[in-house]
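Visitor: Would you be able to build a 3D model of this:
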Amino acid sequence: MNKTVLKSMEIIQLFFDEEQQTLQEIVEKTNLPKTSAYRMAESLYELGFLQKSDEGAYKLGLLFLQLGHLVSERLEIRKVALPIMNELKKETGEAVNLIIREKEEAIYIEKVDTTEHVRVYTQIGRRAPLYAGACPRILLTFLPDKEREEFINRAMIKKYADGTIVDKDTLRQMLAESREKEYSISHSELENYSSAVAAPIFDHMGKVIAGISLVGPEVRFQDEAHVESLIIRLKQSAEEISKHMGWKGE
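Guide: I've put the predicted structure just below:
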């Protein structure tokens, strides 16, 4: 692969975790010579991939917003799911997230925010490990057995919050339970004091292609009867989206 392209991508990836990067920070994090880092950053700036703050620090350019919008618009499942997500939010009052799998991560591709004053904020484009959180884990739950086990064996499990499942045998047990019930639930796994319930979305082949979740502060997910009602409504929405994607209910 072209080394210049790879290094340019390495610079861009620095902005996944930090909003801004100075030239010196880019040099330190990429181990590029300062002149090379400057030339690459300035080229990315000229092309619109980066922009500059008033202080001269680099940040992602608006071109990414345009490209991201095009990608989102072209994802059929997003178009199908959004009106159903809006209706789900109206009925439950909780935020709704839609995710898909990208390699060994889950990526959030659509959301509908709650109107509640206390909420859990999720950003479109956010990535999460498949083992943590109800929605990412529902994707892992329905991977083929061999693929799922291979992922668990090689995963370097990181603790994101107080409730993150770090024991692999416990994870396997939870996946088996989620597969049987066809939903997953999490408390303080990706962020403390947040909870979520998630259900799978299937395509015409019966393959899970996405996950949909209701998410909110943990305090609103304590009453069992309330959570059960959320799960029932969530699974109905997941089934509706699945049928639009060609699933026959098998």
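Visitor: would you put the C-alpha positions of the helix or strand encompassing residue 84 in CSV?
Guide: Using DSSP states H and E, residue 84 maps to helix 76-92. Coordinates of each C-alpha in helix 76-92 appear next as CSV, following Å, rounded to 0.1, in the frame of the first residue of the first chain:
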residue,chain,number,x,y,z
GLU,A,76,-30.7,1.6,2.8
ILE,A,77,-31.2,0.4,6.3
ARG,A,78,-30.9,3.9,7.7
LYS,A,79,-33.7,5.1,5.4
VAL,A,80,-35.9,2.2,6.3
ALA,A,81,-35.3,2.4,10.1
LEU,A,82,-35.5,6.1,10.7
PRO,A,83,-39.3,6.5,10.6
ILE,A,84,-39.7,3.4,12.8
MET,A,85,-37.1,4.7,15.2
ASN,A,86,-39.0,8.0,15.4
GLU,A,87,-42.2,6.2,16.3
LEU,A,88,-40.4,4.0,18.9
LYS,A,89,-39.0,7.1,20.5
LYS,A,90,-42.5,8.7,20.7
GLU,A,91,-44.0,5.6,22.3
THR,A,92,-41.2,4.9,24.8
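Visitor: what's next to whatever helix or strand comes next after that helix, contact-wise?
Guide: Later in the chain than helix 76-92, the nearest helix or strand by DSSP H and E is strand 95-102. Here strand 95-102 makes contact (Cβ atoms under 8 Å, 6 or more residues apart in numbering) with 75, 77-78, 81, 85-86, 88-89, 106-114, 119-120, 122, 127-128, 130, 135-136, 139, 196, 209-216. The C-beta positions use only the backbone N, C-alpha and C, and glycine is treated the same way.
Visitor: any chance you could map the helices in this protein?
Guide: Assigned by DSSP state H, the chain shows helices spanning 3-13, 23-30, 34-47, 62-74, 76-92, 134-141, 145-154, 168-181, 224-244.
Visitor: which residues are in contact with the fifth one?
Guide: Applying Cβ under 8 Å, 6+ apart, the set of residues contacting helix 76-92 from outside is 72-73, 95-96, 98, 100, 109-114, 201, 209-210, 212, 214, 230, 233-234, 237, 240-241, 244-245.
Visitor: Buried ones in it, by neighbour count?
Guide: 77-78, 80-82, 84-85, 88-89, 92 (16 or more other Cβ atoms under 10 Å).
Visitor: orientation of it relative to helix 224-244 in degrees?
Guide: Following axes from the mean of the first three to the mean of the last three Cα atoms, to 10 degrees, one obtains 150 degrees for the angle between helix 76-92 and helix 224-244.
Visitor: And helix 76-92, how far out from the chain middle?
Guide: 17 Å (Cα atoms, centre = their mean, to the nearest Å).
Visitor: can you tell me which residues contact residue 199?
Guide: Contacts of residue 199 by Cβ under 8 Å, 6+ apart are 138, 182-183, 211-213, 231, 234-235, 237-238.
Visitor: and if we set it to 6 Å?
Guide: Applying Cβ atoms under 6 Å, 6 or more residues apart in numbering, one finds that residue 199 lies in contact with 183, 212, 234-235, 238.
Visitor: Can you convert those into CSV and add a column each for distance to residue 220, neighbour count and pLDDT?
Guide: Listed next are the contacts of residue 199 as CSV, based on distance: Cβ to Cβ, whole Å; neighbours: other Cβ atoms under 10 Å; pLDDT from 0 to 100:
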residue, distance to residue 220, neighbour count, pLDDT
183, 17, 23, 97
212, 18, 28, 97
234, 14, 22, 97
235, 19, 18, 97
238, 20, 27, 97
